[in-house]
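Asks: take a look and give me a structure for this.
(one chain, ligands or ions: 1)
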Amino acid sequence: MTASLRPQPRAGVLKIDAYVPGKSDAPGAERVFKLSSNETPLGPSPKAIAAYRAVADHLHDYPDGAATALRETIGRVFGLDPARIACGAGSDELINLLADGYLTDGDEAIHTTHGFLMYPIAILGSGATPVVAPETNFTASVDAILERVSSRTKIVFLANPNNPTGTYVPFDEIKRLHRELPPQVLLVIDAAYAEYVRRNDYEAGIELVATNENVVMLRTFSKIHGLAAVRLGWLYGPLHVVDALNRIRGPFNVNTPAMMAGIAAVEDSAHIERSRAHNDRWLPWLAEEIRKLGLTVTPSVANFVLIHFPEAKGRTAADADAFLTKRGLVLRRVSAYKLPNALRMTVGTEEANRLVVAALAEFLGKTH
Ligand SMILES: Cc1ncc(COP(=O)(O)O)c(C=O)c1O
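Replies: Numbering: from 1, shown residues only. As a prediction, the model looks like this:
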């Protein structure tokens, strides 16, 4: 049978390069330190684990499809109206729902050169065309985004801070971006790493969402809350956007163990503070130690660093990745992000951080 006689997906679907998650294994290594997916080295709050376990006796019951308790808890913790919160199976699902709900064939949606890869995947999957706005110094440029807005633009996706670069756009600039966007364009601010940012000129975007009809903010439980396995994210948006998403999402898109763990996690401010304090200590340490080895590290405000390698044979990112993996140190190749000569490293435990710096020194032939 010729291909044309088979069922055909939307044209954009076959243009998608499927998302390749960070490696977890290092064949032959005695111990493996996974630093490839921006997970927290501290793990989730023990209260979240207990809440997850407590659900085990009730697995025959459907979840609360409205995720009421979770939305109310998030609302209380963040001072938000729960009616304006939508939850998803990870923020990935919410990205897909936004694309499904707001994009169709012939539409355009903008993301930046090194923006999070789920954006082009979701855009293409919905039949629309991704339009790429170049970055300056691995940082999103508001002007470059605005220059690419056309009458077909429906969504601007911006991760702030961005993954995999770790850079951010100050809130004044985010406000300018919003001010200059046509009101019918939806601005999606993906603040997956917001909790880690320690900058006075940064805001996740709550104020902008609260006062406008065309801005949403995405958050995840996968990063600082350490709940990547249960798949949980949330969105704060205008009522009309939340209403649209509620119509197209699966009726039970968030499972009960995820909800219960999420409620306990977001309430455990002491655990969140411990995770921030760990990052505050090790993020600058890693950047400085790796720079001392002669490598360039993009300044990061998140829980990972982007390390740039030379092009010289034997010294490339691919060579470094192979060298580190053999020693059980699993970082992330970021060629799919148009960064073929960089590796992204998640801030790990003290032991993992020290091992990576020592291994990089050995790789570069430097004494450490
Ligand atoms: C910027 C950004 N947004 C969203 C996500 C997806 O997170 P989740 O696990 O909630 O789907 C990630 C995860 O890597 C991310 O880096």
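Asks: contact partners for the residue most central in space within the chain?
Replies: In the chain, the C-alpha nearest the mean C-alpha coordinate belongs to A192, at 4.9 Å (Cα atoms, centre = their mean). Under the criterion of Cβ atoms under 8 Å, 6 or more residues apart in numbering, the neighbours of A192 are S91, F116, A159, N163, L218, R219, T220, S222, K223. All C-beta spots, glycine's among them, are computed from the backbone N, C-alpha and C.
Asks: find the nearest non-adjacent residue to the first one, please.
Replies: Of all residues not flanking S91 in the chain, G233 sits nearest, at 3.3 Å (Cβ to Cβ, 6 or more residues apart in numbering).
Asks: what ranges in the protein fall below the confidence cut-off?
Replies: Along the chain, the model assigns pLDDT under 70 to residues 1, 367-368.
Asks: tell me the residues on the stretch 101-250 of the chain that lie near the ligand, please.
Replies: With Cβ under 6 Å from any ligand atom as the criterion, the stretch 101-250 of the chain meets the ligand at residues F116, A159, N163, D190, A192, T220, S222, A228, G233.
Asks: returning to that earlier point: closest to E362 out of the contacts of A192?
Replies: For these, the residue nearest E362 by Cβ to Cβ is N163; the value is 27.8 Å.
Asks: just the closest residue of the stretch 251-368 of the chain to the ligand, please.
Replies: Proximity of the stretch 251-368 of the chain to the ligand (Cβ to the nearest ligand atom) peaks at A302, 8.4 Å away.
Asks: residues contacting the residue of the chain found nearest the ligand?
Replies: Using Cβ to the nearest ligand atom, the single residue of the chain nearest to the ligand is G90, 2.7 Å away. By Cβ under 8 Å, 6+ apart, G90 lies in contact with T220, S222, A228, R231, L232, G233.
Asks: give me the number of residues near the closest residue to the third one other than its chain neighbours?
Replies: What it means is A228. Leaving out its chain neighbours, the residue that sits closest to A228 by Cβ to Cβ, 6+ apart is S222, at 3.8 Å. Neighbours of S222 under the rule other Cβ atoms under 10 Å: 22.
Asks: repeat that for the one 3 residues further on.
Replies: Applying the criterion other Cβ under 10 Å, we find 26 residues in the vicinity of H225.
Asks: give me the distance between the two termini of stretch 119-137.
Replies: From its first residue to its last, stretch 119-137 covers 20 Å (Cα to Cα, to the nearest Å).
Asks: that one: which residues count as buried?
Replies: For stretch 119-137, burial by neighbour count (16 or more other Cβ atoms under 10 Å) applies to 119-133, 135.
Asks: how about stretch 239-246: buried residues?
Replies: V241, V242, A244, L245.
Asks: would it be right to say that the third one lies in a strand?
Replies: No - secondary structure assignment (DSSP: H, G, I helix; E, B strand; the rest coil) places A244 in helix, not in a strand.
Asks: which parts of the stretch 1-150 of the chain are strands?
Replies: 33-34, 85-88, 108-112, 129-133, 135-136, 139-140 (DSSP state E, counting those that start in this stretch).
Asks: closest one to K292 among those strands?
Replies: Closest among the strands of the stretch 1-150 of the chain, using Cβ to Cβ: strand 33-34, at 20.9 Å.
Asks: centre of the chain to the closest one, how far?
Replies: Distance of strand 33-34 from its chain centroid, counting by Cα atoms, centre = their mean, to the nearest Å, is 18 Å.
Asks: what does stretch 109-121 give?
Replies: 11 Å.
Asks: check contacts around the residue nearest to the residue of the stretch 251-368 of the chain closest to the ligand when sequence neighbours are not counted.
Replies: Once flanking residues are discounted, A302 sits nearest to Y193: 3.9 Å by Cβ to Cβ, 6+ apart. The contact partners of Y193, by Cβ under 8 Å, 6+ apart, come to N38, P161, N163, K223, I224, V301, A302, N303.
Asks: do Y102 as well
Replies: Applying Cβ under 8 Å, 6+ apart to Y102 gives the contacts K154, I155, L186, A244.
Asks: nearest to N212, of these?
Replies: L186 (10.3 Å).
Asks: Three-state assignment for the closest residue to the closest one other than its chain neighbours, please.
Replies: Using Cβ to Cβ, 6+ apart and skipping residues adjacent in sequence, the residue nearest L186 is I155, 4.8 Å away. Of the three states, I155 takes strand under three-state DSSP.
Asks: for I155, which residues make a bridge with it?
Replies: Using DSSP bridges, the bridge partners assigned to I155 are A109, L186.
Asks: that one reaches D100, doesn't it?
Replies: No - I155 lies out of contact with D100 (Cβ atoms under 8 Å); the separation is 11.2 Å.
Asks: which one's more surrounded, those two?
Replies: The neighbour count for I155 versus D100, taken as other Cβ under 10 Å, is higher for I155 (27 against 17).
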